[in-house]
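*Asks:* sequence-free structure coming up:
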């Protein structure tokens, strides 16, 4: 009986080793998948392609290291990774190059405007020049339609810190750069990250506490707005993000 008992312990121990080994292998595969998903994401390939950003994952905890040009890129990278399935936490150690202090307010405002223009797919920005002087934004370049020019003005006016907008963009239907088109499917993590960035940049939505979920391009947004206008603006901004196919707006208001 003792021999049989010892055999039982050996079998159990061997089974335990196999299970442990399998768990480690599975965890390693998950970490590799997380890193691959981050590096191949739309945000990393579009907004971080010129920057040195490295993602490392250990048991689902991701560490981001490297340097980016602008503050928004640091936030975008972290938001994208945090929305990848199996990610448990994100340690954002990215550094931002250049002077981003309050003393350089106009330059920081220019970066905000350029970021907003990049985020929205219906804004054909081409070689748009953006200048700032004590909060006044001047835009120069070409736009494909008067409606688009008006939309650009509307969006720029709503950025926190902008006091006025002088839109000197020319209407050049034939010469303007065509609207960006993305043939590939954009990953849900990138869509969610871009939505958060857009809502944060716009003065009318920056204070809203919203919850964003994206599945196969369909966005479900919930939260509380002050009125119907704020609720409708959220939907308008979200629908203008690359990859979004539909918006279920569950935001409530008094």
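*Replies:* It's in. As the structure is a computational prediction, the values presented were derived from the model and not from experiment. Numbering: from 1, shown residues only.

*Asks:* quick one: low-confidence parts of this protein?
*Replies:* 1-28, 99-103, 124-126, 173-184 (pLDDT under 70).

*Asks:* which stretches of the chain form strands?
*Replies:* For the chain, applying DSSP state E gives strands covering 52-58, 61-68, 89-92, 95-96, 129-133, 136-140, 142-143, 164-167, 170-171, 210-215, 218-224, 246-252.

*Asks:* distance of residue 118 relative to residue 61?
*Replies:* 30 Å (CB to CB, to the nearest Å). In short, each C-beta sits where N, CA and C put it, glycine included.

*Asks:* for the strands of the chain, give me TSV that also has mean neighbour count.
*Replies:* As requested, the strands of the chain are exported to TSV (neighbours: other CB atoms under 10 Å):
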stretch	mean neighbour count
strand 52-58	17
strand 61-68	17
strand 89-92	14
strand 95-96	12
strand 129-133	15
strand 136-140	17
strand 142-143	22
strand 164-167	15
strand 170-171	12
strand 210-215	16
strand 218-224	17
strand 246-252	14
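
*Asks:* distance to residue 157 added to those, as TSV?
*Replies:* Output for those, formatted as TSV (distance: least, CB to CB, whole Å):
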stretch	distance to residue 157
strand 52-58	32
strand 61-68	27
strand 89-92	31
strand 95-96	26
strand 129-133	13
strand 136-140	8
strand 142-143	16
strand 164-167	5
strand 170-171	19
strand 210-215	21
strand 218-224	23
strand 246-252	22
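
*Asks:* for residue 192, which of those is the nearest?
*Replies:* With respect to residue 192, and counting by CB to CB, the nearest of the strands of the chain is strand 210-215 at 4.7 Å.

*Asks:* could you list the domains of this structure?
*Replies:* 2-96, 102-171, 188-252 (automatic domain parsing).

*Asks:* was I right to think residue 171 contacts residue 149?
*Replies:* Yes: look at residue 171 against residue 149 with CB atoms under 8 Å: they come within range, at 6.5 Å.
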